[in-house]
Every structure is written in C-alpha cells, then in structure tokens.
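**Q** Requesting a structural model of the entry that follows:
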Amino acid sequence: MKKILYKLIGLVLGVLAVIVCIKLSEHFMGNVLLGLPIGIFIAALIRQNLDKITNK
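**A** Numbers count the residues shown, from 1 in each chain. Coordinates of the predicted model:
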C-alpha cells in the first residue's frame, strides 16, 4: 500500500513540476517550449528519488 501511495505522490509531483516550469517559462521568457524539457527533467528526478525510497 505504501509503494502505491509513493508512486501516486511521485506522479502528482512530477506533473506539478512540469506545469510549474511551463508557467514560469511562459511568464518570464514568453516561450512555453523552453520550460517543458526542464519540467520533464525535474519530474524524472522526482520519480527516480521516490523509486530509490520505495526499493529500500
């Protein structure tokens, strides 16, 4: 049950990271596409760290 909860939290945090990076990129630089790779990278880091936690 804990693993499922952690995976769900990781998914939600990953989606929020992508959305926040896109919005910040749009606000500061006026270009949405610049924030997308950064958001995906941060989301991957979040998922990777949560996978490390759940495998212990």
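**Q** Number of residues surrounding residue 31?
**A** Residue 31: 11 surrounding residues under other C-beta atoms under 10 Å. Quick note: C-beta positions are derived from backbone N, CA and C, even for glycine.
**Q** Show me where the protein has its helices.
**A** If you assign secondary structure with DSSP state H, the helices in the chain sit at 2-29, 35-55.
**Q** can you put those helices in TSV and add mean neighbour count and mean pLDDT?
**A** Formatted as TSV, the entries for these read as follows, by neighbours: other C-beta atoms under 10 Å; pLDDT from 0 to 100:
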stretch	mean neighbour count	mean pLDDT
helix 2-29	14	88
helix 35-55	14	87
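**Q** so residue 3 touches residue 55, yeah?
**A** No - because the distance of 9.1 Å does not satisfy C-beta atoms under 8 Å, residue 3 is recorded as not touching residue 55.
**Q** Was I right to think residue 43 contacts residue 12?
**A** No - shown here, residue 43 and residue 12 do not form a contact pair, counting by C-beta under 8 Å, at 10.3 Å.
**Q** tell me the contacts of the closest residue to residue 20 other than its chain neighbours?
**A** Using C-beta to C-beta, 6 or more residues apart in numbering and skipping the chain neighbours, the partner closest in space to residue 20 is residue 39 (7.1 Å). If you count contacts by C-beta atoms under 8 Å, 6 or more residues apart in numbering, residue 39 has them with 17, 18, 19, 20, 21, 22.
**Q** Now do the contacts for the second one.
**A** In other words, residue 18. Residue 18 makes contact with 36, 39, 40, 42, 43, according to C-beta under 8 Å, 6+ apart.
**Q** Could you do the last one as well?
**A** Remark: with contacts taken as C-beta under 8 Å, 6+ apart, residue 22 is in contact with 32, 35, 36, 39.
**Q** For residue 14, give me its contacts.
**A** Shown in contact with residue 14 (C-beta under 8 Å, 6+ apart): 42, 43, 44, 46, 47.
**Q** ok, back up a step: got CSV for the contacts of residue 22, with distance to residue 26 too?
**A** Shown next, in CSV, are the contacts of residue 22 (distance: C-beta to C-beta, whole Å):
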residue, distance to residue 26
32, 5
35, 7
36, 10
39, 12
